[in-house]
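**Q** fold the following.
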Amino acid sequence: MPPYQVSQDDLARLSTPCLMISGSESAPVLRGIARIIADSIPGCRFVELMGSDHVTYYERPEEFASAVGDFAGSLGVSAV
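**A** This next block holds a predicted model:
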């Protein structure tokens with residue numbers, strides 16, 4: 001199977017609400033990729049969890065859940 005490639009132009013065509021969560025202590029290249037993706041998707045919400053590495057949902061579960069709940073709430077969806 002050929003590598004799956006997604007361009008910034010592909011991301012710019014998305015119309016689905018998106019949330020990108022990144023850890024402040026994640027590898028710089030991963031933080032950079034997260035920022036590029038978030039900046040390329042129209043209206044994407046970007047949240048950086050301070051003190052977290054790459055596995056944000058495990059390392060900062062309360063903050064992760066809060067970010068997801070806030071995002072879901074902004075869409076009129078209950079996260080419960």
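**Q** and the helices in the chain?
**A** Along the chain, counting by DSSP state H, helices occupy 8-12, 28-40, 56-59, 61-74.
**Q** tell me the centre residue of this protein?
**A** Nearest to the mean C-alpha position of the chain, by Cα atoms, centre = their mean, lies M20 at 1.0 Å.
**Q** residues contacting the residue nearest to it when sequence neighbours are not counted?
**A** Among residues not flanking M20 along the chain, A38 sits closest, at 3.9 Å (Cβ to Cβ, 6 or more residues apart in numbering). Any C-beta I mention is one placed from the backbone N, CA and C, and that applies to glycine too. Shown in contact with A38 (Cβ atoms under 8 Å, 6 or more residues apart in numbering): C18, M20, C44, R45, F46.
**Q** let's see that with 7 Å instead.
**A** Shown in contact with A38 (Cβ atoms under 7 Å, 6 or more residues apart in numbering): M20, C44, F46.
**Q** ok, back up a step: let me have the helices of the chain in JSON lines, adding mean pLDDT and distance to M1 as columns.
**A** What follows is the helices of the chain, written out as JSON lines (pLDDT from 0 to 100; distance: least, Cβ to Cβ, whole Å):
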{"stretch": "helix 8-12", "mean pLDDT": "95", "distance to M1": "18"}
{"stretch": "helix 28-40", "mean pLDDT": "96", "distance to M1": "21"}
{"stretch": "helix 56-59", "mean pLDDT": "96", "distance to M1": "28"}
{"stretch": "helix 61-74", "mean pLDDT": "95", "distance to M1": "31"}
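**Q** can you put the ones you listed in CSV and add distance to M50?
**A** Formatted as CSV, those follow (distance: least, Cβ to Cβ, whole Å):
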stretch, distance to M50
helix 8-12, 26
helix 28-40, 12
helix 56-59, 11
helix 61-74, 8
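**Q** and S78, how far is that from M20?
**A** 22 Å (Cβ to Cβ, to the nearest Å).
**Q** rewinding a little: kindly indicate which of the contacts of A38 lies nearest E59.
**A** M20 (16.4 Å; Cβ to Cβ).
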